[in-house]
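Participant: Got a predicted model here, sequence first, then my questions.
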Amino acid sequence: MELNKTKLIAIAAVALVFIGVLLFKGSVNVTIKEDVVNVRSSSTSLDIPYTDILSIRLVKDIDTGERLFGSSAISTVTGRFANEEYGEYLLLAYKRNRVYVEIKTAEDTILFNARSKKQTEYYVQAIATMIDVKQGQ
């Protein structure tokens, strides 16, 4: 009985440490693949086919509005938001960078960024190039 209690305490401690790390160290990862751009955070993973993208642009200092659903870590925020400009949309972002990639599809608007403004700007250029290639085929 005592051994089971010790194991249970150890498992609970490991789980709490894991949850603490996720809350403390959020991240947004972008992978530009052959047919999709993948945007991933600790709680969300989204594949956006280039052929589904209606528009892409760089936006700065937007009012993110109200979070409807999602999570927030010390350095990142992820979830469904609503504001006057977009209505309901998906945001995966670093809090300290106020520059975002805006992607619009027929079904949704997605905003995300990188840790730096320069990397965020690169994503817009690289994804726009892939859109031109894939939609031009």
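Facilitator: Yes, it's here. Numbering: from 1, shown residues only.
Participant: The residue nearest to the spatial centre of the chain and Gln135, how far apart?
Facilitator: Geometric centre of the chain, nearest residue: Leu92, 2.7 Å, by Cα atoms, centre = their mean. Using Cβ to Cβ, to the nearest Å, one gets 24 Å for the distance from Leu92 to Gln135. C-beta: built from backbone N, CA, C; applies to glycine.
Participant: same check, this time on Arg40
Facilitator: For Arg40, the distance to Gln135 equals 24 Å [Cβ to Cβ].
Participant: neighbour-wise, which of the two wins?
Facilitator: Shown here are Arg40 and Gln135; by other Cβ atoms under 10 Å, Arg40 has more neighbours (17 against 11).
Participant: who does the more buried one bridge with?
Facilitator: Asn29, Ser45 (DSSP bridges).
Participant: residues in contact with it?
Facilitator: By Cβ atoms under 8 Å, 6 or more residues apart in numbering, Arg40 lies in contact with 28-31, 46, 92.
Participant: Which one (most neighbours) among those residues?
Facilitator: The residue in the contacts of Arg40 with the most neighbours, by other Cβ under 10 Å, is Leu92 (28 neighbours).
Participant: what about that residue, helix or strand, and which?
Facilitator: Assessed by DSSP states H and E, Leu92 sits inside strand 87-94.
Participant: what pairs with that strand, and is each one parallel or antiparallel?
Facilitator: strand 76-83 (antiparallel), strand 109-112 (parallel).
Participant: Give me the contact list for it.
Facilitator: Strand 87-94 has contacts (Cβ under 8 Å, 6+ apart) with 28, 39-41, 44, 46, 64, 68, 70, 75-83, 100, 108-115.
Participant: bridging residues for Pro60?
Facilitator: No, residue 60 isn't Pro; it's Lys. Val99.
Participant: what does Val77 give?
Facilitator: Bridge pairing for Val77 (DSSP bridges) gives the partners Ser72, Ala93.
Participant: Now do it against Ser55, distance only.
Facilitator: Using Cβ to Cβ, we find Val77 at a distance of 23 Å from Ser55.
Participant: ditto for Ala128
Facilitator: As judged by Cβ to Cβ, Ala128 and Ser55 stand 10 Å apart.
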